[in-house]
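Asks: 3D, please:
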Amino acid sequence: MMPSVISFKPRKKQSGFTLVEIIVVVAIISLLAAVAVPAYISFIQRAKETAIVAYLGKVKKAQETHRLENAADRYSGSFDELETTGFVEGAVGAATRVANEYQLDLSAGVSSGEPFWNILADPLSLNPKARHFYIDQTGILRFAVGAPAGPGSQSMAP
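Replies: Numbering: from 1, shown residues only. Predicted coordinates for the structure are as follows:
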């Protein structure tokens with residue numbers, strides 16, 4: 001009787017990733033996301049703030065134009081009236097309007113014989129670092145962080 005011959009078949013190399021490799025990749029991606037996401041959110045907030053500051057500048061020009069063209073020498077308390085000057089884009093809302101994810105509240109009138117106007121711009125986001133803005137007939141743009149801005153708030157650099 002002949003001894004039996006055992007044949008060995010070479011094992012095929014298995015392809016794929018090990019658990020350690022997957023954990024390392026997930027850790028690297030998590031680290032990159034932890035750095036990139038807050039920077040992205042901050043960038044978006046700065047873009048919204050830049051857009052609302054530009055919009056408030058247009059409203060200022062529209063108020064000046066409206067007062068010059070108005071026989072009563074008064075400012076407008078309505079965004080709809082300011083649209084007629086061509087500086088403010090058409091949108092919904094007379095005294096209150098939403099633009100660039102900010103709620104804008106416009107007030108105008110006469111105090112001690114002098115006409116006045118002002119706008120409070122409050123962010124709709126819940127970001128505690130978002131800036132609130134205020135502008136009035138003086139043309140000085142003011143801001144506050146985390147709370148509504150007013151006439152006593154810090155002014156923006158020109």
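
Asks: Which of the three states applies to the residue sitting nearest the centre point of the chain?
Replies: Nearest to the geometric centre of the chain sits Lys48, at 2.7 Å (Cα atoms, centre = their mean). With DSSP: H, G, I helix; E, B strand; the rest coil as the basis, Lys48 sits in helix.

Asks: residue contacts, it?
Replies: 100-102, 123, 125 (Cβ atoms under 8 Å, 6 or more residues apart in numbering). In this view, the C-beta of every residue, glycine as well, is placed from N, C-alpha and C.

Asks: swap in Glu83?
Replies: 62, 89-90.

Asks: Among the contacts of Lys48, give me the pair with the biggest separation.
Replies: Distances among the contacts of Lys48 were taken as Cβ to Cβ; the most separated pair is Asn100 and Ser125, at 10.9 Å.

Asks: So the two - more neighbours on which side?
Replies: Neighbours were counted for Asn100 and for Ser125 using other Cβ atoms under 10 Å; Asn100 has more, 17 against 14.

Asks: Can you tell me the closest non-neighbouring residue to that one?
Replies: What sits nearest to Asn100 in space, not counting adjacent residues and going by Cβ to Cβ, 6 or more residues apart in numbering, is Ala51, at 4.1 Å.

Asks: Repeat that for Thr96.
Replies: Asp105 is the one closest to Thr96 (Cβ to Cβ, 6+ apart), at 5.4 Å.

Asks: surely that neighbour meets His132?
Replies: No: using Cβ atoms under 8 Å, Asp105 is not in contact with His132; the gap is 11.2 Å.

Asks: Quickly list what's touching both of these two.
Replies: Residues touching both Asp105 and His132 (Cβ under 8 Å, 6+ apart): 120, 122.

Asks: The two: which is more packed in?
Replies: Between Asp105 and His132, counting by other Cβ under 10 Å, His132 is the more crowded of the two (19 against 14).

Asks: Wait, a strand at the more buried one?
Replies: Yes: assigned with three-state DSSP, His132 falls within a strand.

Asks: what sits against it?
Replies: Applying Cβ under 8 Å, 6+ apart to His132 gives the contacts 120-123, 143-149.

Asks: Of these, just say which sits nearest to Leu82.
Replies: Ranked by distance to Leu82 (Cβ to Cβ), these are led by Ala121 at 14.7 Å.
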